[in-house]
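Novice: return a 3D structure for these sequence lines:
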Amino acid sequence: VGPIRSDDGGVTWNSEASSPSLAGYAFYQIAVDPADRDHCVAATSSGLYERVSAGGGVYQWLQRRSGTHTSVVVTSTAGVTQWFAAQWGQQVYTSMDGTTWTAIGTGFPTGISRIALGVQPDNPNVLYAALANATTGALQSVERLDGGTGAWHGISGIPALCPGGQADY
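Specialist: Numbering: from 1, shown residues only. Next up is the predicted model:
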């Protein structure tokens, strides 16, 4: 049905427009701007979408990147909001406004499928990415990027997570 929103705890729901349409596509994750609950970014099976005002209290979802995006997280510190998003089998991107996205870090692993991101809500300086192996679906690695630049570093000593190839869920 595409994006829907409830402002009364789920009693009633309202549809919101999306371009291109998100009807029939999956939402993996939605990140809400800590400074503005109406500003959201969604990782979907149809791309990375930003929720923006269409005027008059109406909102719409606009595609900012194409391709399947499996994770999106947001941080805010000292009045500065920063978004991070992951594209299936590709890499991680960042944005300061939810609209314009650029790849971050160097040496990101290949041969992956799903990427799940983790960051502290008030600290954009340490970003984690859990990566699923593209062939087996098992957890391939957990990577860390410090300061938003430089090389991604593999984390050692990761416990046996996602048994039986469950990392791509």
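
Novice: next one: the residue nearest to Thr100 when sequence neighbours are not counted from Tyr25, what distance?
Specialist: Once flanking residues are discounted, Thr100 sits nearest to Arg64: 7.8 Å by CB to CB, 6 or more residues apart in numbering. For the C-beta atoms, the positions are set from N, CA and C on the backbone; glycine is no exception. Using CB to CB, to the nearest Å, Arg64 is found at 15 Å from Tyr25.

Novice: compare the two (neighbour count), which wins?
Specialist: Arg64 (22 against 17; other CB atoms under 10 Å).

Novice: pretty sure that one sits against Gly47.
Specialist: Yes: when contacts are counted by CB atoms under 8 Å, Arg64 is listed as touching Gly47 (7.3 Å).

Novice: ok, longest strand in the protein?
Specialist: Longest strand in the chain by number of residues (criterion: DSSP state E): strand 123-133.

Novice: buried residues in stretch 51-63?
Specialist: 51, 59-63 (16 or more other CB atoms under 10 Å).

Novice: what two of these are the furthest from one another?
Specialist: Tyr59 and Gln63 (14.5 Å; CB to CB).

Novice: and Thr94, how many neighbours?
Specialist: Count around Thr94 with other CB under 10 Å applied: 18.

Novice: so it touches Trp101, yeah?
Specialist: Yes: assessed by CB under 8 Å, Thr94 is found in contact with Trp101 at 6.9 Å.

Novice: could you check how far the closest residue in space to Gly148 that isn't next to it in sequence is from Gln82?
Specialist: Spatial nearest neighbour of Gly148, chain neighbours left out: Ile104 (5.8 Å); criterion: CB to CB, 6+ apart. Ile104 sits 10 Å away from Gln82, going by CB to CB.
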